[in-house]
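Novice: with the input below, show me the fold.
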Amino acid sequence: MRHWFITGATGFIGQALIESILSQGDRITALRRSTSRFDQPRVDWVSSVQDLPESVDVIVNLAGEGIADARWSAARRASLLESRVTLTQDLAKAASEKQVTQVISASAVGFYGSGGEVDEDAAQGKGFAAQLCADWEAAASQFNAPTAIIRLGVVLGPGGFLNRTLLPFSLGLGGPIGSGRQGFSWIHRDDVIRMIHWLVEHQKTGVYNACGPQACTNRDMTQALARAVKRPAFFPAPGFALKAVFGQMAEELLLQGQQALPKRALSEGFEFAFENIEPAMADAVAKKRLATKGG
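Specialist: Alright, predicted model coming up:
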């Protein structure tokens, strides 16, 4: 039986990870934000990384405020840095005084900035998001245990991305963002959870793109979501309007993009349950609607 310590445990990925770990009989200690409503009585909840147990088999560091949740004001940038970089630095320091076997730490494909197809060998891109990811990963390098970093694409499932997009698309009001030609790096949440377990089981280290193996564009994503909700998607979101409302955040995250591919995971034998956007989106929408109905 492993003992896991999880940050970001009450988030969209964290909740699913907790259920998967408990289903295999392992023990969990997890960090919980005071504002979270999520509870799981079989988890030992703590309020600070300083409460890291003396001996832990695996740390999974998923903490971080949503980068696309608000315009990047000075205060918002500071909050994003604190919730990712500072927390990771504090956790690495706390872990240096404990017995930790392995670390899995989150990052994002924003590391690559904008462009075409990229894999783990690509250099850091330009912009705030790229620098934030680079600083986040540098903080994770301070762990004194073997560490794997997962650069996440947009995670599809019953929450997260769909919380913002399902309603307008269900009303037939969805459409591509800007030109629609920008890359859209995605992964189904089930494959994120499976990849984390795979990294742990095989004691992997280094950087892995946590993205679906079939590259797609924003327009491809739009069409997949429209088909999943059985509605047209004829209402594009113009770039100038998004930049007026969201500023640099819209420019970097919405109007630019890349097609990050999971070269390392594929070459080392990881098998995706969802290899392309169509079935991944259909499954995510079905699960979201079931969860909304309380099923």
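Novice: so where's the stretch 151-295 of the chain shaky on pLDDT?
Specialist: 294-295 (pLDDT under 70).
Novice: cutoff 80 now
Specialist: Applying pLDDT under 80 to the stretch 151-295 of the chain picks out residues 293-295.
Novice: ok, residue 103 - contacts?
Specialist: With contacts taken as CB atoms under 8 Å, 6 or more residues apart in numbering, residue 103 has the following neighbours: 58, 59, 60, 61, 95, 140, 143, 145, 146, 147, 148. For the C-beta atoms, the positions are set from N, CA and C on the backbone; glycine is no exception.
Novice: part of a strand, is it?
Specialist: Yes. The assignment for residue 103 is a strand, going by DSSP: H, G, I helix; E, B strand; the rest coil.
Novice: what about the closest residue to it other than its chain neighbours, how many neighbours?
Specialist: With sequence-adjacent residues excluded and distances taken as CB to CB, 6 or more residues apart in numbering, residue 103 is closest to residue 147, at 4.2 Å. Other residues lying near residue 147 total 22 when counted by other CB atoms under 10 Å.
Novice: need phi/psi at residue 147.
Specialist: For residue 147, the backbone dihedrals are phi -130, psi 130 (criterion: degrees, to the nearest 10).
Novice: measure it to residue 89 for me?
Specialist: Note on residue 147: its distance to residue 89, by CB to CB, to the nearest Å, is 14 Å.
Novice: which residues touch the residue nearest to residue 103?
Specialist: Taking CB under 8 Å, 6+ apart as the contact definition, residue 147 lies against 102, 103, 104, 105, 140, 141, 205.
Novice: and what of residue 214?
Specialist: Counting by CB under 8 Å, 6+ apart, residue 214 touches 275, 276, 277.
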